[in-house]
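Visitor: predicted model follows, preceded by the sequence.
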Amino acid sequence: MQITEREDGPPTKVGPGIDDLFTATLNAIGILAVLHHRDRTGEGQYVDTAMYDSMKSLCERTVYQHSYTGEIPDRRGNSHPTLFPYNAFETTDSYVVIAAFGDNHWTPLCEAMERPDLAADYPTTGDRLQHRELLAEQHGAWTAEYTADDVCAALEGKVPCAPVQDVTDVIEDGHVADRDMLVDVTTLEEREATVEQKQTLVEAKQARITAFEELVVGCTELATESDSEIEDGRMEMDRVVTFEADNDAPAYFGDRQTVYEAVTAEEKNST
């Protein structure tokens, strides 16, 4: 939060719940590594992930910058702290992000703006970073005369750029459809005395794996129906298992751990 917002703004939360999502991602990676280790050695391992740890890892640049320079990185709004131009610029209808900090992209950007003088006056990355405020005004004045689509069309194939999308833009994006990044599922919604089906878009698998091309997602029952199974005794807590943590367990796991194992009545009767 301390590095998010404009220079004169307050610390600001990012939009998505990245702490939940990224911590779970690191946990999944850890589990996969443990399974691989088990297959090779037969040994089990503990996997420990924490939200603060995962969020700190995403701030790696601020850590090494402070360690190297002794300075505390400040907020830069929509611009990159060490590269320019790498900004979001306002257009007539939205915003567009332009990433032309490399020499191979800087000259084509200036040509599209019909400002070859900028390419000649600020030929290096250092020149552009040193005069970022002045150049940001020039770029902003250019994009302000066009729509986001017009700017992207002028730079297409020459300069990395993209419009800033809202959720409807994402849903309607052809790339999202071509890669099956969203899936339409049927959910159940209880309204008074009736249960209605409702179509809902959710995120599909984000890692495309050839052996798992088909993804089946849906809702087969209301959560309250599972509750009724428990209340009817068809699922019950059978036993509590307590075991001694071995010497390899980190200290913060404690000396003893408790595991609760849920079994259905049918499973219990069959054993």
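Guide: Now that the structure is in, tell me what you want to look at.
Visitor: hey, let's count contacts and neighbours off CA atoms from now on
Guide: Noted.
Visitor: relative to the whole chain's centre, how far out is stretch 162-173?
Guide: 16 Å (CA atoms, centre = their mean, to the nearest Å).
Visitor: with stretch 137-147 instead?
Guide: 29 Å.
Visitor: flag every buried residue along that stretch.
Guide: Using 16 or more other CA atoms under 10 Å as the test for burial, stretch 137-147 gives 139, 142-144, 146-147.
Visitor: one more: stretch 91-109?
Guide: 91, 94-102, 105-109.
Visitor: over to stretch 119-138?
Guide: Quick answer for stretch 119-138 (16+ other CA under 10 Å): 119, 122, 125, 128-129, 132, 135-136.
Visitor: what segments of the stretch 101-250 of the chain are strands?
Guide: Using DSSP state E, counting those that start in this stretch, the strands assigned to the stretch 101-250 of the chain run over residues 161-163, 182-191, 194-203, 235-244.
Visitor: any low-confidence regions in the stretch 51-200 of the chain?
Guide: Residue ranges of the stretch 51-200 of the chain with pLDDT under 70: 188-197.
Visitor: how about the helices in it?
Guide: If DSSP state H, counting those that start in this stretch is used as the criterion, the helices of the stretch 51-200 of the chain fall at 51-58, 60-69, 103-112, 116-121, 125-130, 132-143, 148-155, 167-172, 174-178.
Visitor: could you dump the ones you listed to TSV with distance to residue 161?
Guide: What follows is these, written out as TSV (distance: least, CA to CA, whole Å):
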stretch	distance to residue 161
helix 51-58	24
helix 60-69	23
helix 103-112	10
helix 116-121	18
helix 125-130	18
helix 132-143	12
helix 148-155	6
helix 167-172	16
helix 174-178	15
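Visitor: among those, which is nearest residue 201?
Guide: Evaluated over these, closeness to residue 201 peaks at helix 167-172, with 8.9 Å, by CA to CA.
Visitor: nearest spatial neighbour of residue 143, chain-adjacent residues omitted?
Guide: residue 91 (5.1 Å; CA to CA, 6 or more residues apart in numbering).
Visitor: on that earlier part again, just the closest of the buried residues of stretch 91-109 to residue 3, please.
Guide: residue 97 (18.9 Å).
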